[in-house]
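Asks: Predicted model follows, preceded by the sequence.
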Amino acid sequence: QVQLAESGGGLVQAGDSLRLSCAASGRTISTYRMGWFRQAPGKEREFVAISWSNGITYYADSVKGRFTISRDNAKKTVDLQMNSLKPEDTAVYYCAMHYSGSYYLAGSYRDWGQGTQVTVSS
């Protein structure tokens, strides 16, 4: 089992940048796919980005070109650099470890962090 803790959220204006970080404790993350999801009020948790252990990354269309996921296996961290933020990016952002199934489905992940709030004002 791994414990995940997100940080770096906050209140920013449209067009600003934020960098979220997910710190893992417990088992290593080096062999696992690590993902970021987000959940806005009244909406389902949605896929944002995933980092494969071999460096491959995938992004939701809504964030492609603006967000970048990166990982440091030695430090057991997974970061999400968010640029050109929009009000529709407002949500609680979660990191999680992928176990099986489609990478864009929340049900394929376990060991979720507690989330960090990102609010983007217009």
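Replies: Cool, the structure landed.
Asks: hey, let's count contacts and neighbours off CA atoms from now on
Replies: Noted.
Asks: all strands for the chain, in order.
Replies: For the chain, strands defined by DSSP state E occupy the ranges 2-7, 10-13, 18-26, 34-39, 46-51, 57-59, 67-72, 77-82, 91-98, 109-110, 116-121.
Asks: Identify the residue spatially nearest to the residue nearest in space to the middle of the chain, adjacent ones excluded.
Replies: The residue lying closest to the centre of the chain (Cα atoms, centre = their mean) is Trp36, at 2.2 Å. Excluding its sequence neighbours, the residue lying closest to Trp36 (Cα to Cα, 6 or more residues apart in numbering) is Cys95, at 4.4 Å.
Asks: what helices or strands is the least confident helix or strand in the chain by mean pLDDT leaning on?
Replies: Least confident helix or strand, the chain: strand 109-110 with a mean of 92, by mean pLDDT, DSSP states H and E. With contacts taken as 3 or more Cα pairs under 8 Å, 6 or more residues apart in numbering; DSSP states H and E, strand 109-110 sits against strand 91-98.
Asks: Bridging across strands, which residues link to Thr116?
Replies: Applying DSSP bridges to Thr116 gives these bridge partners: Tyr93.
Asks: cool, and the one 5 residues further on?
Replies: Under DSSP bridges, the beta-bridge partners of Ser121 are Gln13.
Asks: Figure out how far stretch 6-23 is from the centre of its chain.
Replies: 11 Å (Cα atoms, centre = their mean, to the nearest Å).
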